[in-house]
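> Quick check, what structure comes out for this input:
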Amino acid sequence: MRAYLAASDSALLRVVEDLIGVLIDRNLVLLTDFPEGAQR
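Numbers count the residues shown, from 1 in each chain. Modelled structure (predicted):
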């Protein structure tokens with residue numbers, strides 16, 4: 001079960017990263033809109 005959850009967490013993280021990248025590329029959000037920790 002832990003392996004399944006780790007894999008699904010990794011897949012979800014990749015989708016979120018891609019989504020944020022698209023939003024930044026389209027100037028819908030700025031990197032500076034995120035907290036400092038998230039910017040790193």
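
> what's the spacing between the most centrally placed residue in the chain and Met1?
Here the mean C-alpha position of the chain is nearest to the C-alpha of Glu17 (Cα atoms, centre = their mean), at a distance of 2.8 Å. Applying Cβ to Cβ, to the nearest Å, the value for Glu17 to Met1 is 25 Å. Using the backbone N, CA and C atoms, a C-beta is placed for each residue, glycine as well.

> mind listing what the residue nearest to the centre of the chain touches?
Glu17 makes contact with no residue under the criterion Cβ atoms under 8 Å, 6 or more residues apart in numbering.

> For the longest helix seen in the chain, give the mean pLDDT please.
In the chain, taking DSSP state H as the definition, the longest helix is helix 2-25. Here helix 2-25 scores 90 as its mean pLDDT.

> Alpha carbons only: can I get it in CSV?
The C-alpha coordinates for helix 2-25 follow below in CSV (Å, rounded to 0.1, in the frame of the first residue of the first chain):
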residue,chain,number,x,y,z
ARG,A,2,2.8,2.4,0.8
ALA,A,3,4.4,1.8,-2.6
TYR,A,4,1.1,2.5,-4.3
LEU,A,5,0.6,5.7,-2.3
ALA,A,6,4.2,6.9,-3.0
ALA,A,7,3.7,6.3,-6.7
SER,A,8,0.4,8.1,-6.8
ASP,A,9,1.8,11.0,-4.8
SER,A,10,4.7,11.2,-7.3
ALA,A,11,2.3,11.2,-10.3
LEU,A,12,0.1,13.9,-8.7
LEU,A,13,3.1,16.0,-7.9
ARG,A,14,4.2,15.9,-11.5
VAL,A,15,0.8,17.0,-12.7
VAL,A,16,0.7,19.9,-10.2
GLU,A,17,4.2,21.0,-11.3
ASP,A,18,3.2,20.9,-14.9
LEU,A,19,0.0,22.9,-14.2
ILE,A,20,1.9,25.5,-12.3
GLY,A,21,4.4,25.7,-15.2
VAL,A,22,1.6,26.3,-17.7
LEU,A,23,0.0,29.0,-15.5
ILE,A,24,3.3,30.8,-15.1
ASP,A,25,4.1,30.5,-18.9
